[in-house]
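**Student:** Give me a model of this one.
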Amino acid sequence: MKIDHIELFVPDRYEAAEWYSKVLEFQIIKDFSGWADEGGPLMISNDGGSTKIALFEGEPQRKDDVQGFIRLAFSVDAVEFIEFINSSGNWRDTPLTREEIKDHHKAISVYFSDPYGNLLEITTYDYDAAKKML
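**Tutor:** Predicted coordinates:
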């Protein structure tokens, strides 16, 4: 058994898909694009559709009034983690800083949000390699 998809609410599914493409390399899954045409979710993935995000139009669940879903976390290797940190200036006003990188002693994570307030995390369990590269 594996996770199939996570559902997120955003004001504009296509605008959100563009952000997720730019920042996390997610792409619209063409085989499911008809669902969005019918008012359903816009399905995106960065691993060929094995794990997906279902973007629904609606009010995002903001940090202040979280009732269920809290954060969506992605796992990457050490090289991908460093590449993500280094690319952060391309999609936010200021690049991620060392102070924003959290060392959990078995994993290293960085926390941020999409433009709609959905909380996100990039984590690497490739701890020793990532520590050396940082």
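**Student:** got the buried residues for the top helix by length along the chain?
**Tutor:** Longest helix in the chain, counting residues (DSSP state H): helix 13-24. In terms of neighbour count (16 or more other C-beta atoms under 10 Å), helix 13-24 has its buried residues at R13, A16, A17, W19, Y20, V23, L24. Quick note: C-beta positions are derived from backbone N, CA and C, even for glycine.
**Student:** what residues are up against the first one?
**Tutor:** By that I understand R13. Contacts for R13 were tallied using C-beta atoms under 8 Å, 6 or more residues apart in numbering; they are A36, P41, L42, L55, F56, E57.
**Student:** Just confirm the second one contacts L55, I think it does.
**Tutor:** In other words, P41. Yes - in this structure, P41 is within contact of L55 by C-beta atoms under 8 Å, at 5.9 Å.
**Student:** before we move on, the earlier item: for G89, state which of the buried residues of helix 13-24 is nearest.
**Tutor:** Closest approach to G89 among these (C-beta to C-beta): V23, at 11.5 Å.
**Student:** So that closest one versus K131, what's the distance?
**Tutor:** To K131, V23 is 24 Å away according to C-beta to C-beta, to the nearest Å.
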